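> make a model of this:
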Amino acid sequence: MSEKVGILLATYNGEQYIREQLDSILNQTYVDWVCYIHDDGSADNTWQTIKKYESDYPDKFVVLNYEKCGGACKNFISLMKYSSENYIMFSDQDDVWAKNKIEVTLNRMKSIEADSDKPYAVFTDLYVVDENLEIISKSFMRYSKHKPNKLMERDLFVANPAPGCTMMVNRKLLQMASLCKHPEEVEMHDWWCMLIASIFGQIAYLDEPTIYYRQHGTNTLGAVDRHAGGYYLEVLKSIVLGRRYNETRGRVIAKRKMAKEVVECFDDLLPKDSIAIQLAKIEGRTKLERMKFYWRNHLYNTMQHGIWIMMAC
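Predicted coordinates:
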C-alpha cells in the first residue's frame, strides 16, 4: 500500500506560470498525492485558475479559502496545519517538477527515516532554467555554490542550502514546524524546517535535480551565479556604497530572531549546548564576547564573510 503524499502550494499573482506547475504535478510517476493550495490575495487570475483545477481534479487539488497571510513564509506555515499525510512536500507556483520528483524523494526519505517520531527532511538539486525553461545550469548547488553537505545546526545558522520547493518532510517535522508562534520572525518556511530537523532529527540530500527552477523577474528568492564576474562587481559596489555592512547586519539580526523563535517553541527539548540557545541571548553580551562566539563556532562561510560578521555582530 502506497503512502499518500501531501503537497503544500502557496500562490500569489502566479497566473503566468501556475498551469505548467500544476500540470507537472499531475504528470508525476507517483500518483498517490493530494495538493493543498492557499492563495494570498492575488490580483490576477490565479484564483480562477486554481479553482478550475480543483473542479477538474477534485480528488487531487484542495483550494483553501481563509484570510490573507501576507507573504510566502506565512502562507506556507499557515498551510501546514491542513495536511494530515505522513510525508509532505512544498511547491512553488512558477517551477516545473520532473516527472519522478515525488517518487525519488519519497524513496530517499524512506531510506533514512528510522523513527517516525523524529523529524526528517530530504532535499534535492535543481535545474536552473530561464522563464522559457531553457537550462541555465544543470545544478543549482554548483551554480550558486551552495554546500548541501553542511547540515548541522551551526551550518543552518550560517545558510540554508535547501530550496523549499525540493523538500520533503515527514509528519513529525511538519507538526513541529507548525508550532511556529511568530512566522514574521522566521526567514522562510524551508529554513525553519531545516533548523528543526538539524537539531532534533536528520537531513538527507539527494544529488539529483528534481525541479526546473525558473528564474524570472518576480521570483521571491532566486538563484545567483556566484561564478560570474557580475556577481563580484555587485559585491564590490555594495562594499563601496556601504550596503554590505547593512546587509550583513540585517542577516545577523534575522538569524538571532529565528534562534529566539526556536527557543520559544522548543525550549524544554533543546540540548544545553544548542547554538539557538546561545544566539537567542547573545545581544546581552559585549561586542568582544559576540565576536568570539561567532568566530569560535565558525558562524560564517568564508574568511571574508567572517570578517563582515565580526564587524556586524
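> residue ranges with poor pLDDT in the stretch 1-150 of the chain?
The model of the stretch 1-150 of the chain has pLDDT under 70 over residues 1.
> at 50 instead, please
Scanning the stretch 1-150 of the chain for pLDDT under 50 picks out no residues.
> how about the strands in it?
Here the stretch 1-150 of the chain has its strands, by DSSP state E, counting those that start in this stretch, at 5-11, 33-39, 61-64, 87-91, 96-97, 120-129, 135-137.
> in the longest one, what's buried?
Same thing as strand 120-129. Residues of strand 120-129 classed as buried by neighbour count (16 or more other CB atoms under 10 Å): Y120, A121, V122, F123, T124, D125, L126, Y127, V128, V129. For every residue, glycine as well, the C-beta is placed using N, CA and C.
> what's the angle from the biggest strand by length in the chain to strand 87-91?
When the chain is parsed with DSSP state E, its longest strand is strand 202-214. With axes from the mean of the first three to the mean of the last three CA atoms, to 10 degrees applied, the angle from strand 202-214 to strand 87-91 works out at 30 degrees.
> which elements pack onto strand 202-214?
When contacts are defined as 3 or more CB pairs under 8 Å, 6 or more residues apart in numbering; DSSP states H and E, strand 202-214 sits against strand 96-97, helix 101-112, strand 120-129.
> any idea how far the last one is from the chain center?
Centroid displacement of strand 120-129 relative to its chain, using CA atoms, centre = their mean, to the nearest Å, is 10 Å.
> ok, that strand: who's next to it in the sheet?
Applying DSSP bridges, strand 120-129 is found paired with strand 135-137 (antiparallel), strand 168-170 (antiparallel), strand 202-214 (parallel).
> out of those strands, deepest packed?
strand 168-170 (a mean of 28; mean count of other CB atoms under 10 Å).
> give me the mean pLDDT for the very next helix or strand once past that one.
Next helix or strand after strand 168-170 toward the C-terminus (DSSP states H and E): helix 171-177. Mean per-residue pLDDT for helix 171-177: 97.
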